[in-house]
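Chemist: pasting the sequence and the predicted coordinates here, then a few questions.
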Amino acid sequence: MKLVKANKLFDIFYGVNLDLNKLEEVDPKERNAIRYIGRSEKNNGITAFVLKDKKYTPNPSMTISVAAGGSVMSCFLQEDEYYSGRDLFYLKPKIKMNRNVLLYYCLALNMHKFKFSYGRQANKSLENLLIPDISEIPKFVHENEFLNKKLDDTDKFIKIMLTEHKIANCYKRLDQIFDLVNGVSSSQVVVQPKRNSDNLVPYVRPFKWQSTSYAGFVDKYLLKKDKFFQAETLYVSTDGAGSHTYSYVSVEEFVPNSNVIVLLPKNNMSLETKLLYAAYITANRFKFSYGRKPKGERLAELLLPVL
């Protein structure tokens, strides 16, 4: 896959940077209401609706808002003009892009979220983040059936791609793309609260945030080699009401617990492709509500695009 820096495809600007406390919040149906986008990962980044003020030039429509702080790398397509708060950038395409392509790039940019754990911000590095070149956009993204759908956020776009758009040869079952490896039960390891030896690696549990998914540390040399995994390994949580189906790519060696499944590609796969698959898998969370867990056949049968 050909990758390019974000600034090759987008002009990157710092948003209007307004303090919400100094604006007048209004009902969304108010005639002069305008969206206020903050550093949130929810509701398409919308934290309020405020009264439009002629003193402030809003960020343009059909741009991608990117949080450089707070919920770092939360990226959303904004189809209408909007105000924004601090540490909020917007990306304006240098070439013509339709809604589907812009949503695809929201997803591609969001895949860099794991790089900004532990308080790191994306202010200086945003323009250099690698994303797929426009020539690499999958065929199904361009399909006409999507172009007339009014979508509120990236998640809905992904759900449509994964559940409605099943073109022959464009999708495969998850277990046709990956080998699934079960994690290690806590009864088989001694978990240390601190890493006080080079032999100790993170013992990963299900959690919504990768940065807080470490349950402790275990000695990798007390386990079989096929039970600890290298950096840049894809894995998915299979349990937990608030954490199931979240999928990440590891940033260091680790041992998964019994509620984490490791996904090993059957063919060579780049880091960027693994990150994209992590997002596609996470987008399937809606399928496992009401106690249904993404385990066994339920996980294996997930349909994923062939990248």
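Modeler: Looks like it arrived, so ask away.
Chemist: how is the protein partitioned into domains?
Modeler: 3-164, 174-305 (automatic domain parsing).
Chemist: mean pLDDT lowest where, among these?
Modeler: When these are compared on mean pLDDT, domain 3-164 scores lowest, with a mean of 85.
Chemist: my guess is residue 41 meets residue 75, correct?
Modeler: No. Taking contacts as C-beta atoms under 8 Å, residue 41 lies outside contact range of residue 75: 9.5 Å. All C-beta spots, glycine's among them, are computed from the backbone N, C-alpha and C.
Chemist: compare these two (neighbour count), which wins?
Modeler: residue 75 (24 against 16; other C-beta atoms under 10 Å).
Chemist: tell me, what's touching residue 41 and residue 75 both at once?
Modeler: Taking C-beta atoms under 8 Å, 6 or more residues apart in numbering as the criterion, residue 41 and residue 75 both touch residue 67.
Chemist: could you tell me how far residue 280 is located from residue 178?
Modeler: Per C-beta to C-beta, to the nearest Å, residue 280 is found 12 Å from residue 178.
Chemist: give me the more crowded residue out of the two.
Modeler: residue 178 (25 against 19).
Chemist: what's near enough to touch residue 77?
Modeler: So residue 77 contacts 44, 62-64, 99, 102-103, 106, 153-154 (C-beta under 8 Å, 6+ apart).
Chemist: neighbour count, secondary structure and distance to residue 233 for those residues - can I get that in TSV?
Modeler: Putting the contacts of residue 77 into TSV (neighbours: other C-beta atoms under 10 Å; DSSP: H, G, I helix; E, B strand; the rest coil; distance: C-beta to C-beta, whole Å) gives the following:
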residue	neighbour count	secondary structure	distance to residue 233
44	22	helix	31
62	15	coil	37
63	23	strand	34
64	23	strand	29
99	17	helix	33
102	22	helix	30
103	26	helix	27
106	24	helix	25
153	16	coil	29
154	24	helix	25
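Chemist: mind putting the residues you listed in TSV, distance to residue 229 included?
Modeler: Below are the contacts of residue 77 laid out as TSV (distance: C-beta to C-beta, whole Å):
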residue	distance to residue 229
44	34
62	41
63	38
64	33
99	37
102	34
103	31
106	29
153	32
154	29
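Chemist: closest to residue 231 among these?
Modeler: residue 106 (25.7 Å; C-beta to C-beta).
Chemist: any idea how far residue 8 is from the closest one?
Modeler: Applying C-beta to C-beta to residue 106 and residue 8 gives a distance of 17 Å.
Chemist: quick one, phi/psi of residue 11?
Modeler: According to degrees, to the nearest 10, the main-chain angles of residue 11 amount to phi -80, psi 130.
Chemist: ok, it touching residue 89?
Modeler: No. In this structure, residue 11 is not within contact of residue 89 by C-beta under 8 Å, at 10.6 Å.
Chemist: which of the two has more neighbours?
Modeler: Between residue 11 and residue 89, counted using other C-beta under 10 Å, the more crowded position is residue 89 (22 against 12).
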